[in-house]
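K.L.:
build me a model:
(chains A and B)
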Amino acid sequence: MVKMLVPYPENCTGCRFCEMACTIWHDGKVNHADARLQVHRRNVKIDFPSVCTHCVSCGDDCCVLHCPVEAIKKQDGKVFVDEEECTACGACVEVCPFGVMRMEEKAFNCDLCDGDPTCVKFCPTKAIVYEEPKPEQYEKVKKLLEVEE
Amino acid sequence: MTMKGYCGRILKVDLSAEKSHARTFDEKYASKYLGGQGFAVEIVYHGVPEGADPLGPDNVLAMAGGLFDGFPVPTGGKVAFAAKSPATNTLAESIMGGSIGPELKHAGYDALEITGKAVSPVYVFIEDDKVEINDAADLWGKDTRVTPETLKKRHGWDVKVACIGVAGEKLSKIACIDCDDRQAGRAGLGAVMGSKNLKAIVVRGTSDLVPAEPDKLLEIALRYQKIYEAAPSFIEDTKYGTGEFLGWVNKEKGVFPTRNWQESVFKEREKIDPYYWAPRYVTKNKACFACTKPCGKLFEVKSGKFAGVAIDGIEYETLYSLGGQCGNADVESVARANELCDLLGMDTISAGVTVGFAMELMQRGIITEKEVGFRLTFDNASDAVPRMIEMMGNRTGFGDILADGVKVAAKKIGKGSERYAIHTKGMEPPAYDVRGMKGHGLAYMTSTRGACHLRAGFYAPELVGKFWKWEGIDRFSPVNKGFMVSQTENFMSVYDSVGLCKFSRGFFLIAKLPEVIEAITGMKYTEDELLKIGERIHNMKGAFNAREGMTRKDWLLPARILEEPIVDGPSKGSKISVEEMNMMLDDYMKARGWTNDGVPTPEKLKELEIA
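P.N.:
Okay, the predicted model is just below:
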C-alpha cells in the first residue's frame, strides 16, 4: 500500500513545528519558505497544513505535466525533480495547487523523508498523518487555499 | 556573520525622522542579555531618557524574539515587547506567543527598536532589508482582526502582523498589542504604539536561521515533545486550556479573587469552569508558534444572544477578570467580553478588574446607575460586563473614566473610591488572592511592572508547595520569601529571554537550558551564568524604575489585602499584615543587594556590568 502525507485541517493548531523540523532535517537550517509543506495560520478559526500529494489530487494543475523540459518525474508513486534536467524556470512553482513546489537553485519538493516523514513525527496533534491517500482531505485544503488566491 | 543562532542585528525605526537603520551586535552583547526580554529591556533601559513621557515621542518601544524563537524548541516561540509603561511609569515588558518574533529573525533582526512619533497613522512594513513606513489612515479605527486581514490581503497571506485596536489608538493605559489572536496584554504597551501613531508592525522574513548543531537540536526537540506529551498538567491543559486548575485554586485553595476581591471563593465557579464549557463550546485547539502542547482553545458560541462569538480562550486569568472578579457566571458573556477586549485591544486582566472595581463602587453607592447609564452591578454581570468593556475600549460615556484602569479611575471618581482600587504600582492584579499566598503578595510588589503573576511566577511554588530547589513551601508564611522571590524573578527573566513559555518551567529548569542554547548558538553557559543574566535584566528594570523616582513606598500592597482578611473558604482569616509585608520587603532588598528603599546600589550595578 502506498502511503502519503494526509492533512487534517481540523487538527492543526498553527504551531508550524512541522515546517521547522522539515527544513532542519533536510537542510540543517530553518527557513519556512523552503519547507516541503506549509502551514497557513489565517485567523482565529482557521489553521491548516498544505502538503505535497504526489499527484493524488492535483488534477490538471500538475507539475509533471507543466514542466516544459520534463524534469519532473514520477516513480513508485513519488514525484521528484531531476536536478540535471531542471532549468529552474518556475513553471511548477506557479502551477502547484498546494503551493508546496519549492525553488532554490533548482526546484524541489517533498521526498517523504525516505519513508519516515519528519513532519509527521513532529506534529503533536495528528494534523498530518502518513497513511493511505485520502483525496477528500486534499480537497478540503484546496478549498481553504482558494481564499488566498 | 560568525555568530550562530543570532542574526546579530537590531533594527531601529525612527518614526519622527522617517528613517531606519540596522546596527550590529557581537557575541559579548548576546551573552550579556541572551535575547527576547533581555534585549528589549536593554534597548529601553538605554534608549528612554529620564523623565520621558510614556506617551510622548521619547518613549521607545522594543520588540525582540527570544533566543529560541524560530528554532524547533517546544513552547519556545515567545516574543517580548518593552517600553516605559503609561500605566506604571516603570520599565515594563509584556510577552506573547505571536509568530512575529520568529518572523523578525527570518527578516534578519533579533530585535526592533521604535522611536519618535509619526505625524499621522502609519504602519511599519519590514521585508528583509526593505523597511517602509506606510500610511495607515484606512486602518485607523479598525479592530485587531480586520487590521491584519487587510494587511495580509495587501502584502500576502504569509506576513506576520502585530497591531493595536481602538483602545490603543485612544491611548487607554490598559491597551494591549495583538498578534495571531494572542496578546502582549499587560502594562498598556498598546497605548505606546497608539501614541506613536503606529497602528501595526508587519514583517516578512525569507532568510535562513542556522543552528550550530541541527541534528542535536532535532533530537532535543523530539525528546522534550515526548516529555510534554507525558506530563499530566500538559495533558489537562491541552484538553481544557489554562483554566484547567480553576476549580483547584478556587475550592481547594480558596484564593480565587471574586467580586473585586471581596471574596476569595467564587461559589458559581462550576459555570465558568473549563471542565463544564470545554466539551460544549471548544471546537478546535490553538497553539502559539512552536508550541506542541496547545492550551489555546477556539471557543465558539453558536446560539443565543452571544451567538457568533469566536475567540482563542478563555484563559484562566480571563475567567477571573471578566468572570469571578465581576461576579459573572455566564460563560458566554465572559467569552463575549473577552472577544471585545481582543477586538478593541485591551488587556483582559486590567479591563475586567476595572469593571469589577466599578461594580463595587455602585454596590457601595459611590457611583450611581444614572451616572453610568445602566446597572453596572455584580447581579447584572452577564449584560453589564460586555457592555462596559465596549464603552471602555471606545472611550464612550462612563467607559472613558474606566478606560485607563483602576488607579486613574479612582482618582477621577474620588469619594473614597481609592480604597476599592486593587493594584500595585498602577497595574491591576491577576487571579491569585495573595492574602492566602504571601510570597506571591511580595511578588506583586517587587514586580517591576506592577501586580503580576509572571515576573516571579511565585503562585506555582506556593500553591503546589514545591518548585525548583525547594520543598515544603508554606503559602501562609512570609519566611524566606524575599530570597525565593528574588531567585524566581531571575529565573523568569532568563525564561523570557530565551523565549520559552512559562508553563514549561516545571520540567524545563534553567539547568536544562545550556544544552539547548549550545545546540542553537554554540555558546556555552552554566546554570549560574544564566541566572546571573537573569539577575542583570531584573536589576536594569529596578535601576530604571529607581531613576524614575519609584522607591519602596510606591510598591506597597493595597489596603484591602493588608486590612481585610479572606472572608471564607480554605484560606479564611488570612491576610498579609503590615509587619509581614515589611519583613518580606526587608528580606527581599537584602537578597537583591539593594538599599532598603528598593534602589539597586552602585556596587550591585557594577558587579552586574550595568552601565
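
K.L.:
so where is the chain shaky, pLDDT-wise?
P.N.:
Chain wasn't specified; assuming chain A. Judged by pLDDT under 70, chain A has no weakly predicted residues.

K.L.:
actually, chain B is the one I wanted.
P.N.:
B:1-2.

K.L.:
what about the strands in the stretch 51-200 of chain B?
P.N.:
Along the stretch 51-200 of chain B, counting by DSSP state E, counting those that start in this stretch, strands occupy B:61-65, B:79-84, B:91-96, B:111-115, B:122-127, B:130-135, B:160-163, B:177-179, B:182-184, B:198-204.

K.L.:
now render the ones you listed as TSV, adding mean neighbour count and distance to chain A.
P.N.:
(Each C-beta comes from the backbone N, C-alpha and C, glycine too.) Shown next, in TSV, are these (neighbours: other C-beta atoms under 10 Å in any protein chain shown; distance: least, C-beta to the nearest C-beta, whole Å):
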stretch	mean neighbour count	distance to chain A
strand B:61-65	30	12
strand B:79-84	32	14
strand B:91-96	28	14
strand B:111-115	26	18
strand B:122-127	22	12
strand B:130-135	15	16
strand B:160-163	29	9
strand B:177-179	29	11
strand B:182-184	26	10
strand B:198-204	26	10
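
K.L.:
what's the single longest helix in chain B?
P.N.:
For chain B, the longest helix by residue count, based on DSSP state H, is helix B:527-547.

K.L.:
same for it, what does it pack against?
P.N.:
Contact analysis of helix B:527-547 by 3 or more C-beta pairs under 8 Å, 6 or more residues apart in numbering or on different chains; DSSP states H and E lists helix B:27-33, helix B:36-47, strand B:91-96, helix B:481-498, helix B:513-521, helix B:602-607 as its packing neighbours.

K.L.:
distance to residue A:89 added to those, as TSV?
P.N.:
Listed next are the helices and strands packed on helix B:527-547 as TSV, based on distance: least, C-beta to C-beta, whole Å:
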stretch	distance to residue A:89
helix B:27-33	41
helix B:36-47	42
strand B:91-96	42
helix B:481-498	43
helix B:513-521	37
helix B:602-607	61
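
K.L.:
out of the ones you listed, which comes closest to residue A:9?
P.N.:
Evaluated with C-beta to C-beta, the helices and strands packed on helix B:527-547 place strand B:91-96 nearest to residue A:9, the distance being 24.4 Å.

K.L.:
dump that closest one to PDB, restricted to CA.
P.N.:
Taking C-alpha atoms only, strand B:91-96 is exported to PDB below (Å, rounded to 0.1, in the frame of the first residue of the first chain):
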ATOM      1  CA  LEU B  91      10.100  49.900  32.500                       C
ATOM      2  CA  ALA B  92       7.600  47.200  31.600                       C
ATOM      3  CA  GLU B  93       7.800  44.200  29.300                       C
ATOM      4  CA  SER B  94       4.900  42.100  28.000                       C
ATOM      5  CA  ILE B  95       5.400  38.700  26.400                       C
ATOM      6  CA  MET B  96       3.200  37.000  23.900                       C
END
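
K.L.:
nearest to residue A:7, out of the helices and strands packed on helix B:527-547?
P.N.:
Here strand B:91-96 is closest among the helices and strands packed on helix B:527-547 (C-beta to C-beta), at 27.3 Å.

K.L.:
now do the closest one: everything it contacts.
P.N.:
Strand B:91-96 is contacted by residues B:36-37, B:40-41, B:44-45, B:48, B:78-85, B:176-177, B:179, B:182-189, B:288, B:448-450, B:454, B:496, B:540-541, B:544-545 when judged by C-beta atoms under 8 Å, 6 or more residues apart in numbering or on different chains.
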